[in-house]
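Participant: next comes the sequence, and after it the predicted model I'd like to discuss.
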Amino acid sequence: MSDQQNERKTPGHRPNSPEEMGGVVDRRTGLDRRAVRDRQSGAPSGLERRRGAGRRLSDFQRAADEGEMTKEQFLFLMAIDAFKQANHVTFPTWTDVLEIIRLLGYRKTVPSELNIRSAEDWCERPDAPSNVRPKGWERRFTKAELKELEELADYAEDRDAEAA
């Protein structure tokens, strides 16, 4: 038996790290998981949500948690819901979500605020096409269906203009 295993079995011994616990953080031991360093990267990514002492939720996050949505959040939610209904899918894939985001008009025009070392950051022009529809996509619909889609898009634009 190794010294480390002996230490773990000694009565009254409290592990000091997740490694001593076999890689698992058990809350009953008193270890604070927020104090455990990320073993793969030392730099924060910008995606951390743990607040810690003295740090509060942003107004944006607090309002969303309480069910109060901005126009942007509501539009995104409605677009996801419309996609799920149109495609008879309960859970869209990440590719589907990205397609919806691009079809809503979002483009990557500024450098990322996140520190993601495993992926290259990039930017594109604000007027770049979404490039999510295959060539000839319009031919999948009848003229009446295309007209209905255009009317829905016009209605959404008018509603957004009135709300602004």
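Facilitator: Looks like it came in fine. Numbering: from 1, shown residues only.
Participant: so where do the helices sit in this structure?
Facilitator: Along the chain, counting by DSSP state H, helices occupy 3-9, 59-65, 71-87, 94-103, 143-163.
Participant: among these, which one carries the weakest average confidence?
Facilitator: Lowest mean pLDDT of the helices of the chain: helix 3-9, a mean of 54.
Participant: end-to-end on stretch 106-113?
Facilitator: Start and end residues of stretch 106-113 are separated by 16 Å (Cα to Cα, to the nearest Å).
Participant: which stretch among the helices of the chain is buried most, on average?
Facilitator: Greatest average neighbour count among those goes to helix 94-103 (a mean of 14), per mean count of other Cβ atoms under 10 Å. Any C-beta I mention is one placed from the backbone N, CA and C, and that applies to glycine too.
Participant: now A128, nearest residue through space, not along the chain?
Facilitator: Excluding the flanking residues, the one nearest A128 by Cβ to Cβ, 6 or more residues apart in numbering is R107, at 5.4 Å.
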